[in-house]
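[1] I would like to see how this sequence folds:
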Amino acid sequence: MRTKTILAVILSSCLAGLGGAQPAAPLATTNLLALDSVIQAVLADNATIKAARAKWEAMQQRVPQARAWEDLRVGLDATAGRFVTVPPNSFADFRYTAEQTLPLSGKNRWRAAAASAEAVVAFEDLRRRQLDLVARARAAYFRLANAYTQLDLNGKNEALLKQFAEISRAKYEVGKQSQAGVLLAETDLAELAEARFDLQRQIDAAESQLNVLMNRPAQPPLGRPASLSFLPIDLDPDRLQKLALTQRPELVMGQKQIDAAQARWEAARREWIPEPSFRIEASQYNEAAQTISELTAGFSINVPWFNRRKYKAGIAETRSLAESARRDLEGLQAETLGLVRDQLKKIQTFHHHSLLFRDRLVPLAQQSVKATQAAYETDQAGFLELIIARRNMQQVESEYGNHLADYQVAVAELEALIGVDPTRQSAAPAKSKQESSP
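    Okay, the predicted model is just below:
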C-alpha cells in the first residue's frame, strides 16, 4: 500500500511537469505578411537595386555623347605689337575663326550603337539583380511560413502529449499503466520545448533576412506569412528552355555585348575614312573700326593612311572582342540549358515528395495515431506504441512542410534562372526601351 502511495506521488509529479510545460504562445492571425507587399518593398527600396538602376541611367547618357559631333572650335588672333614700319592696313589686327569637323564617315553613329547596346547590358544587369533579390525574398518568405507551420506542429504535439498523459493517468489509477509511460511522455515534451527554441531562431533569421532585403532595420518583427499550399504548375521542359534562351538576362547581355563589339568594329573600320573640317575666318584691320574687313572660308582634312599600324590594331582588337563575346554567349546558352534541366528535376522531385506526403503519408500517419490511441484506451496497445505513432506523425507532417517550402523555393529559383514567370505562355523576347538602331 505504501509502495502504491509513493508511485502515486511520483506520477502526480510527472503529470505536474507535463502540465507546467506551456505550449507556444498563440500566434496572431490578423497581422498577415503578404508576399506581394514584400516583393514590392524589395524592388522599391533595396539599395543594390537602386545602385544598378543608377548605373543603367548613367549608361543611357553615354548614347548622346557617343553620337554627338566633335566640338566646334573658335579662335581669336590679335596683333600684340609691330616692330617694323608698315602701312596701317597691311596686316589684320584681329582675326576670328570658327572650325567644325563633319563626321561623314558615320563612325559616331556606330559608337552610339555600341553605347546603346551597353545601356541594354546595364538594364539587364539591373533585371538580374531584381530577379535574384526577389528569389531570395521569396525563399525567405517561404522558409518563414514553414517555420511558423513547424511551430504550430510543435504546439499540436504538445497538446497531444497532454492528452496522452491524461489517458495514462486514468489507466494508472486503475493499475493498468506504469510510471515509465509518463516519463516517456515527459521526455518527448522536453524535446518539443527544445525544438521550439530552434524554430523561433529560424523565424528570427528569416525575418532579419526579409528586413535586410527590404532595406529596413533587421530587428523589427514581421507579420505571419500565409500558410503554404501546394499549387502544381505546368513545367514543359521545351517551353521553359525556349523562355530561358530568350529571357535570361545573362543571355540578353551576351547578345548585346556582341552587338556592341560589332558596332565598335564597324566604327574602327571607318577610322580609315578622312573627315573634313570646315573653317570660316573673319579679319579686322586697325582702321576699320568695329567692322569686319575680310571674310575667308577653307577646309582641312585628316590623313589617317600614314598611321596604318594604329588603325589596323584597332580593327583587330574589336574583331577579337566580338569573337570573344560570341564564344561567351555560346557557353552561356549551353550552361543555361543544363541549369534549366537540373532545376526542373529539382522541382519535380519536391513535387513528387509533396504529393506523396500530402495524399498518402500524412493521412496514414494521422490515422495510425488515432488507431493506436483507440487501441491504447482499450488496452490493446502499449503506451510506447502510442508514443512511436505520435513521433512518426510529427516527423511526417514536419517533412511535408519542409518539402512544400522547398518546392516553392525551387519554383522561385526557376523564375530567377529563366528571367520570367515560368507560368508565362509566350516565349517572345522582351524588348527594352534602351534598344535603338545605329
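[2] What count of nearby residues applies to the residue lying closest to Glu294 once chain neighbours are set aside?
    Take Glu294 and drop its neighbours on the chain: the residue closest to it by CB to CB, 6 or more residues apart in numbering is Ser283, 4.1 Å away. To be clear about C-beta, it is placed using only N, CA and C from the backbone, and glycine gets the same treatment. Using other CB atoms under 10 Å, Ser283 has 18 neighbouring residues.
[3] Repeat that for Thr423.
    11.
[4] Equivalent analysis for Gln333, please.
    Gln333 has 18 nearby residues by other CB under 10 Å.
[5] thought it was touching Ala244?
    No - counting by CB atoms under 8 Å, Gln333 stays clear of Ala244, with 9.0 Å between them.
[6] what's the overlap in contacts for those two?
    Common neighbours of Gln333 and Ala244 (criterion: CB atoms under 8 Å, 6 or more residues apart in numbering): Leu251.
[7] Between its first and last residues, how far does stretch 241-260 reach?
    Using CA to CA, to the nearest Å, one end of stretch 241-260 lies 26 Å from the other.
[8] helices or strands up against the helix or strand harbouring Val362?
    Using DSSP states H and E, Val362 sits in helix 362-377. If contacts are counted by 3 or more CB pairs under 8 Å, 6 or more residues apart in numbering; DSSP states H and E, helix 362-377 sits against helix 107-173, helix 383-418.
[9] ranges for the strands of the stretch 151-300 of the chain?
    224-225, 276-285, 294-301 (DSSP state E, counting those that start in this stretch).
[10] Which is the succeeding secondary structure element to the last one?
    Remark: after strand 294-301, the chain's next helix or strand is helix 308-356, criterion DSSP H and E.
[11] Give me the angle between that next one and helix 383-418.
    If you take axes from the mean of the first three to the mean of the last three CA atoms, to 10 degrees, helix 308-356 sits at 150 degrees to helix 383-418.
[12] For helix 308-356, what is the distance to the chain centroid?
    18 Å (CA atoms, centre = their mean, to the nearest Å).
[13] cool, stretch 227-238 as well?
    Per CA atoms, centre = their mean, the centroid offset for stretch 227-238 relative to its chain is 20 Å.
[14] got the end-to-end distance for it?
    End-to-end for stretch 227-238, by CA to CA: 32 Å.
[15] what does the average pLDDT come to for that stretch?
    Per-residue pLDDT values across stretch 227-238 average out to 84.
[16] In this structure His353 contacts His403, no?
    Yes - with contact defined as CB under 8 Å, His353 reaches His403; the gap is 4.1 Å.
[17] and those two? which has more neighbours close in?
    His403 (22 against 18).
[18] circling back to that earlier point, dump the helices and strands packed on helix 362-377 to JSON lines, plus mean pLDDT and distance to Arg270.
    Formatted as JSON lines, these follow (pLDDT from 0 to 100; distance: least, CB to CB, whole Å):
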{"stretch": "helix 107-173", "mean pLDDT": "89", "distance to Arg270": "4"}
{"stretch": "helix 383-418", "mean pLDDT": "91", "distance to Arg270": "39"}
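[19] Determine which of the ones you listed approaches Lys312 most closely.
    Lys312 lies closest to helix 107-173 among these, at 15.7 Å (CB to CB).
[20] roughly how far out does that closest one sit from the chain middle?
    12 Å.
[21] can you check stretch 392-410 too?
    Here the centre of stretch 392-410 is set off from its chain's centre by 24 Å, with CA atoms, centre = their mean.
[22] what residues does that stretch touch?
    With CB under 8 Å, 6+ apart, stretch 392-410 has contacts from 138-139, 142-143, 145-146, 149-150, 153, 157, 228-230, 343, 346-347, 350-351, 353-354, 357-358, 361-362, 365-366, 368-369.
[23] Quick check on the residues you listed: which are buried?
    Neighbour-count burial (16 or more other CB atoms under 10 Å) is assigned, among the contacts of stretch 392-410, to 138-139, 142-143, 145-146, 149-150, 153, 157, 228, 343, 346-347, 350-351, 353-354, 357, 361-362, 365, 368-369.
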